[in-house]
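**Q** here you go, sequence then predicted model.
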Amino acid sequence: MILKLSLFLFLISSLSLASAQEVKKITAVRTEKAPKIDGLIDDEVWKNVPVASGFIEFRPVPNTKEKDDRKTEVKIIYDNSAVYVSARMFDNPDSIAHELVTRDQVGNADFIGIIFDTYLDGINANGFYVTAAGSQYDAKYSQGGNEDDNWNAVWESEVKIDKLGWTAEFKIPYSALRFATKDIQNWGLNITRRRQKINYQSFWNFVDPKVSGFINQEGQLIGIEKIIAPVRLSFSPYISSYVSHYPTNQPGVKDLTSSFNGGMDVKYGINQSFTLDMTLVPDFGQVRSDNKVLNLSPFEVKFNENRPFFTEGTELFNKGNLFYSRRIGSFPTYFKSLDSQLADGDVISKYPQESKLINATKVSGRTGKGLGIGIFNAVTNRMNATVEDKFGNTRILEVQPLTNYNIFVLDQNLKNNSSVTLLNTNVLRNGSAYDANVSAFLFNLNNKGNKYNLNGAAKMSHRGIGDGNNEINNGLNYEIGGGKQSGSFNWSIKEVLSDTKFNPSDLSYFTNNNFFDHLLSASYSIYKPSKWYNQWQTYWNFNYSQRFRPRSFQYVEGFGGAYLQLKNFWSFNLNLDVRSAGNDFYESRSDGLGYDSPSEYGVSVYMNSNHSKRFNGGGYVSYRKINRANGHGYGGGFYQNFRVNDRLAFGSEVSIEPRQNLLGWFDTVDPTIVGRASGGEIYFSLYDRNTVENYFYGKYTFSNKMGITLNARHYWSDRRNKKYFILDNNGKLLSTEDLTIANRTYNSFNIDLTYFWQFAPGSEFTIVYKDLASVDERLTRRGYANNLGKTFNFPQNNSLSFKILYYLDYLQLRKKRS
């Protein structure tokens with residue numbers, strides 16, 4: 001093994017980074033009367049309260065005290081139900097940016113934010129932010145700084161702009177926080193301020209950009225006495241209605257369909273530390289459309305998760321990269337084969353691609369001793385295909401059974417922002433289909449000053465016998481790494497091994513197994529500005545990859561680059577990469593058969609202007625060279641954003657990437673070649689490819705609680721084959737006769753137009769119009785304009801939906817009844 005554990009254990013135990021600053025502390029003050037949340041901060045309760053001031057600049061000039069005429073003053077009080085915050089941001093009113101955006105966005109606006117680490121562990125925290133336009137933004141933090149901006153809480157805030165600058169008031173109820181049961185509590189605390197027009201950000205307790213993480217660089221809120229977590233119980237029932245039109249061109253099948261749905265989200269605080277989240281008969285039809293692409297790689301495309309339940313508060317379940325939530329209801333790995341159940345003349349007239357989610361439940365939290373516990377469960381309904389025989393009779397066949405998805409996590413915080421984790425995922429399918437299970441042990445250890453790190457993981461996957469899997473498969477994967485993570489110069493080294501049977505894909509995103517990789521990375525950063533730049537960084541990464549069994553070389557690759565930000569806040573990024581010739585065991589789509597892959601290299605340059613300006617933009621250019629058959633390609637693109645005023649803004653992005661003389665797999669057909677275990681002639685082709693992506697967005701915001709957004713995208717990509725080859729058993733390409741199949745043209749077009757209104761805290765009314773068209777054709781259609789015009793002639797799936805979600809808090813309901 002290349003990595004020597006004794007070396008890293010020595011570093012962890014013997015090296016430390018002395019703290020360069022004193023941890024700030026401020027005393028919490030109990031109040032008997034709650035302030036009025038109006039943004040005026042003139043209530044009597046704010047008098048004689050200690051002030052958090054003396055903010056320290058984070059960027060562009062770290063570790064500089066804020067100026068007196070632009071200073072920040074924050075006060076914190078609490079009572080039996082909430083924490084209250086008042087903030088005064090001194091500034092010239094003309095210097096305050098205040099673009100209007102709806103909830104969970106910041107836009108081009110100044111903001112003030114307060115971050116509470118209620119367990120004082122330096123790892124987990126909750127942040128509450130409000131902009132100078134009054135827009136709320138909240139987030140959950142884990143692992144010292146990883147931000148989950150999908151986390152949402154119900155809290156109050158108001159802001160005012162006056163001749164001295166602007167002010168803000170917060171009311172953060174205890175129902176939005178989790179904390180231990182103690183008579184006297186100390187919380188981790190930091191406060192941050194952003195001045196958008198000059199790209200300035202500061203923290204109350206200085207956050208050093210050279211130190212890994214920022215929750216671990218917090219101050220403290222001390223002396224919180226005798227607070228009790230309230231009954232945290234809320235219900236969010238919804239109703240929704242859809243009208244859809246799609247020209248099926250099939251007799252007896254309606255083009256216009258409608259539906260009416262109802263369900264509920266439930267949130268219950270089991271105790272002061274743990275919360276149950278449940279969604280019953282959920283409706284995710286209004287989430288943003290996927291950006292579909294023409295995938296010519298041997299691996300699955302990974303799409304973003306846009307469904308709120310699966311993005312909010314999932315930091316425990318995402319540990320170890322074993323949870324890809326799109327497996328649940330969207331992209332399951334198992335589909336039952338229907339071949340044995342089809343007779344001559346049978347035609348599959350309807351084949352579903354997604355299963356219906358019946359319900360999903362999360363239980364998560366952390367004890368006072370730092371033990372995080374997470375339990376996740378989701379159930380999807382069976383999927384049925386419709387088969388029509390030669391006489392016109394139809395029958396239903398199951399293609400996916402009722403399926404139960406589960407995750408269990410134990411995550412123990414240790415000293416120095418360290419942690420160890422035990423995790424298990426399993427997928428249980430009804431009937432004869434196989435079940436799957438993955439278990440993992442993870443550790444992340446830091447030395448006292450958070451300067452050096454040792455991390456690793458051991459994972460085991462299990463697939464049982466059943467439909468879709470003919471034998472028991474137990475697979476192993478491990479990774480071990482460490483390095484220096486704080487300071488101007490950082491480095492890391494890592495070893496990753498996966499055996500031939502490791503396969504967590506039933507509940508995880510997964511590309512391939514059977515590899516043995518060694519990785520080395522290094523970076524050097526300068527955060528102290530000079531006369532002409534604010535900061536610059538350079539970074540390099542190297543990877544030596546082998547197939548594990550039978551052991552053989554795959555490739556050596558290196559990539560790196562540099563980043564530079566100028567004094568005017570324009571930035572430039574240079575990236576370089578190079579890969580050796582080697583053996584690609586995945587491109588052939590045939591287990592164990594390698595392809596003698598050529599060497600290649602690429603270079604790209606990116607430029608971005610100052611985003612705080614009303615009109616801003618950027619772009620990139622790239623070049624790639626593949627050292628076989630004169631393979632090469634260019635790329636270029638640009639984006640622009642224009643804020644007409646604080647309410648109206650729009651922008652666009654365009655990218656164009658022509659490629660010539662690429663080599664890759666395109667088909668596997670019989671007859672079986674003698675001596676090849678997986679059989680089938682494997683065809684490659686020499687081809688050209690053009691890809692053009694065009695994106696437009698616009699928004700108009702009526703208030704910080706109401707707005708309209710538009711997202712439109714057209715994507716075109718093609719594959720034009722020129723020569724054809726058969727891959728032999730030695731990984732070489734042998735010329736074969738020209739074929740006239742498998743040229744492809746793919747177009748995807750989508751519009752998402754959304755009206756959003758938060759008509760009460762936690763309550764929303766949304767109207768969404770969608771237009772979707774996606775066509776994969778076995779032909780060549782040249783020219784972007786030709787493809788764009790043709791796209792509008794494709795069948796369009798148009799839908800209009802209405803959804804009302806109403807937030808009901810148990811305590812508020814009880815108060816009204818009394």
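**A** Thanks, I have it.
**Q** for residue 104, which residues are in contact?
**A** 136, 137, 138, 149, 152 (CB atoms under 8 Å, 6 or more residues apart in numbering). For glycine as for every other residue, the C-beta is placed from the backbone atoms N, C-alpha and C.
**Q** repeat that for residue 694.
**A** With contact taken as CB under 8 Å, 6+ apart, residue 694 is in contact with 652, 653, 654, 713, 714, 715, 788.
**Q** at 7 Å instead, please
**A** Counting by CB atoms under 7 Å, 6 or more residues apart in numbering, residue 694 makes contact with 654, 714.
**Q** look up phi and psi at it.
**A** Main-chain dihedrals, residue 694, degrees, to the nearest 10: phi -130, psi 130.
**Q** out of the contacts of residue 104, which comes closest to residue 71?
**A** Closest to residue 71 out of the contacts of residue 104 is residue 137 (23.0 Å), distances taken as CB to CB.
**Q** what's the helix or strand for the closest one?
**A** Element membership for residue 137 (DSSP states H and E) is strand 136-142.
**Q** mind listing the strands for the stretch 101-250 of the chain?
**A** 111-117, 125-131, 136-142, 146-148, 156-162, 165-173, 184-195, 200-203, 219-225, 233-245 (DSSP state E, counting those that start in this stretch).
**Q** compare those strands and say which comes out lowest on pLDDT.
**A** Per-segment confidence across the strands of the stretch 101-250 of the chain bottoms out at strand 146-148, which has a mean of 84 in mean pLDDT.
**Q** now do that strand: everything it contacts.
**A** With contact meaning CB under 7 Å, 6+ apart, strand 146-148 is reached by 139, 140, 141, 313, 315.
**Q** in that strand, which residues are buried?
**A** Within strand 146-148, the residues that count as buried by 16 or more other CB atoms under 10 Å are residue 148.
**Q** parallel or antiparallel, which strands does that strand pair with?
**A** Strand pairing for strand 146-148, using DSSP bridges, gives strand 136-142 (antiparallel).
**Q** what angle do the strand it pairs with and strand 111-117 make?
**A** Here strand 136-142 points in a direction 30 degrees away from that of strand 111-117 (axes from the mean of the first three to the mean of the last three CA atoms, to 10 degrees).
**Q** and strand 136-142 with strand 125-131, angle?
**A** With the same axes, to 10 degrees applied, the angle from strand 136-142 to strand 125-131 works out at 160 degrees.
**Q** follow-up on the earlier one: farthest-separated two in the contacts of residue 104?
**A** By the measure CB to CB, 136 and 149 form the most distant pair in the contacts of residue 104, at 11.7 Å.
**Q** and the two? Which one has more around it.
**A** When residue 136 and residue 149 are compared on other CB atoms under 10 Å, the one with more neighbours turns out to be residue 136, at 25 against 16.
**Q** now the closest residue to residue 521 other than its chain neighbours, what's its secondary structure?
**A** When the adjacent residues along the chain are set aside, residue 521 lies closest to residue 541, with 4.4 Å between them (CB to CB, 6 or more residues apart in numbering). Three states are possible here, and by DSSP: H, G, I helix; E, B strand; the rest coil the one that applies to residue 541 is strand.
**Q** contacts only, for residue 541.
**A** For residue 541, the contacting residues are 519, 521, 558, 559, 560, taking CB under 7 Å, 6+ apart as the criterion.
**Q** next: residue 660.
**A** With contacts defined as CB under 7 Å, 6+ apart, residue 660 is in contact with 632, 633, 688.
**Q** so the first one touches residue 603, yeah?
**A** Okay, so that is residue 632. No - counting by CB atoms under 7 Å, no contact exists between residue 632 and residue 603, whose distance comes to 11.9 Å.
**Q** sorry, back to before: of the contacts of residue 541, which belong to strands?
**A** By the criterion of DSSP state E, membership of those in strands covers 519, 521, 558, 559, 560.
**Q** about what we covered before: may I see the contacts of residue 104 organised as a markdown table, with distance to residue 119 added?
**A** Formatted as a markdown table, the entries for the contacts of residue 104 read as follows, by distance: CB to CB, whole Å:
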| residue | distance to residue 119 |
| --- | --- |
| 136 | 24 |
| 137 | 22 |
| 138 | 18 |
| 149 | 21 |
| 152 | 21 |
